[in-house]
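Student: What shape does this take:
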Amino acid sequence: MSSGRRQRGGDVGEQPPPGRRRGEPPGSRRKQKLLSIHQALTSDPVAVETLRGAAVSEGGLLTDEIRRRVWPKLLSVNVYNLPPKPGRAVRRNHKDYTQVQLDVSRSARRFPPGMQAEQRQVLQEQLLDLILQVLRARPELHYYQGYHDIAVTLLLVTGQRLGSALLESLSTHHLRDFMDPTMDSTKHILNYLMPLLQRESRPLHDFMLRAEVGTIFALSWLITWYGHVLANFQHVLRLYDFFLASHPLMPVYFAAVLVLHREEEVLACDCDMPSVHQLLSQIPRDLPYERLVGRALQLFQRHPHTELARQAALQGRKSIAIGSFSAFQRAASRQRPDAVLRRERQQEGADGRARVSLPTPGHSPLVKAAVWGLSATLGAAALAVTQTALEWAPEFLLQLF
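Tutor: Numbers count the residues shown, from 1 in each chain. Okay, the predicted model is just below:
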C-alpha cells in the first residue's frame, strides 16, 4: 500500500516545486539523505543518532519503505524477533475488548479514501488484534480512547506483526504516561504547555489565562500524536517521524508552536473559553509543517524541559516517559544492524516462531543499474555503501532515481 494512495485531498499549504512532494528535500539532498540512512542502518552498532537526525530534518524519512527500516531502530525493535500473530479465540476475553472494538469500528476515516469495504474490514480486524496483543502482553498498560489512532498509523505503514512490536515499545516509553489507570499523568504532561507559552509570548499566555481556556484543547493532539485531528496522512507521517526520533515531550513543544503560530488569531477572538477553545481545537489545513517542526526543535533547545518541570509539576508527580528516556536512548545506541540480526536468527535454527518477511538479495539488471548510476552520481560516498546495498534492500537503492 503506497503512501500516495493514503494521501487525503484538500490540503494546500506549502507547495513543492513540480515533481517533488510537499516537504521533500530536492534531488541531491534527498540522495545524500538516503545514503546517510543506509550507512547508519548498516553500521555496527547502528548509528541511531544519524537516523534521528534524518527523521527530524526536512522531509522526514521520505517513504514508507524507509520507515519500515528506520522506525524499528528508533524504538529498539528487533525485526527478526517479532511476536507471532495472536489467536482470535482469546481476544474476546480481554477486559478492554468491547471499548477497543467500538473505537476500531469508528476508525473508517483513518483508512485510505476509496478503499474497498472488504479490505478496510480486514485491516480493522488486524487493528483490533494489534491493540489487544499489546494490552495482553503488558497488563500494566491501560487502554485510552485515541490509542487506536496511533495504532492504525503503525499498521498502515508497517503491517500487523511489526506494528504490534513498535506499538508495544512506544507504549512502554513515549506513550507510557497516557496509559496509567487515571488521567493524572496525562494532565501532568499537558501542564508543560502553558509555561512554554509564557516564556515565548506573555501577552498570548495571559490572554489564554483570562479566557480560562486551559489546555484541554490539546489533549487529542498529544494522546494521538495528532493522528486524530489531521486530515492529510502525509502530515501525520511527517510528525510521527519527528516524534519517534525525539524526546517524549516533543508533541507538547509542537503544540506550543501550533498555538504560537496562530497568536494573532487567538488575540483577535473573544476572550472567553468557548471562543478560544473552538478556535484552537480546529487545526488549519494549510500549516507550514516543516517550518513548525524546525521551530519546535528550537523551542526544545531554548527551553529545556528540566527548566519547565517545576511549573509543570503538580503534587510532585513525575513522568515515567521522561524518567526512562535516557535509558531508552542508551539501549537504542547498542543495536546491531539487520544483516547481523538475520545471521544470528538463522544460526538459532527453526524454533517454531514465524519469521518476518523482509526483502531478499537481488541482482536484477535494474538494481545493478541503480548501483552503477548511484556511483556515477555521488562518487566515493556511494561506493562506500554498494558492498552491502544489494544484500540489504534493493528497492531502497531504486528510490534514488
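Student: Quickly find the element holding Asp241.
Tutor: With elements taken from DSSP states H and E, the one containing Asp241 is helix 233-244.
Student: what packs against that helix?
Tutor: Contacts defined by 3 or more C-beta pairs under 8 Å, 6 or more residues apart in numbering; DSSP states H and E place helix 233-244 against helix 3-6, helix 48-56, helix 64-74, helix 147-158, helix 250-261, helix 289-302. All C-beta spots, glycine's among them, are computed from the backbone N, C-alpha and C.
Student: just so I know, which of those helices lies nearest Ser220?
Tutor: For the helices and strands packed on helix 233-244, proximity to Ser220 was assessed by C-beta to C-beta; helix 147-158 is nearest, at 8.5 Å.
Student: ranges for the strands of the protein?
Tutor: Assigned by DSSP state E, the chain shows no strands.
Student: could you point out where it is predicted with low confidence?
Tutor: 1-26, 86-92, 313-317, 349-401 (pLDDT under 70).
Student: domains for it, by residue range?
Tutor: 25-75+336-398, 88-172, 184-319 (automatic domain parsing).
Student: can you redo those domains as a markdown table with distance to Leu82 and mean neighbour count?
Tutor: Formatted as a markdown table, the domains of the chain follow (distance: least, C-beta to C-beta, whole Å; neighbours: other C-beta atoms under 10 Å):
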| stretch | distance to Leu82 | mean neighbour count |
| --- | --- | --- |
| domain 25-75+336-398 | 5 | 17 |
| domain 88-172 | 5 | 18 |
| domain 184-319 | 18 | 18 |
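Student: Reformat those domains as TSV; add distance to Arg330.
Tutor: TSV is the format used below for the domains of the chain (distance: least, C-beta to C-beta, whole Å):
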stretch	distance to Arg330
domain 25-75+336-398	10
domain 88-172	15
domain 184-319	14
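Student: Can you say which of these is nearest to Gln329?
Tutor: Closest among the domains of the chain, using C-beta to C-beta: domain 25-75+336-398, at 8.0 Å.
Student: And the residue nearest the centre of the chain, how far from Gly163?
Tutor: Nearest residue to the geometric centre of the chain (C-alpha atoms, centre = their mean): Tyr240, 2.3 Å. Here Tyr240 is placed at a distance of 12 Å from Gly163 (C-beta to C-beta, to the nearest Å).
Student: now the residue nearest to the centre of the chain: how far from Leu166?
Tutor: Tyr240 sits 10 Å away from Leu166, going by C-beta to C-beta.
Student: Ile189 now?
Tutor: Taking C-beta to C-beta, one finds Ile189 at 21 Å from Leu166.
Student: can you pull the contacts of the residue nearest to the centre of the chain?
Tutor: Residues near Tyr240 by C-beta atoms under 8 Å, 6 or more residues apart in numbering: 153, 225, 227.
Student: okay if I get those as TSV plus distance to Ser57?
Tutor: Below are those laid out as TSV (distance: C-beta to C-beta, whole Å):
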residue	distance to Ser57
Thr153	20
Trp225	19
Gly227	21
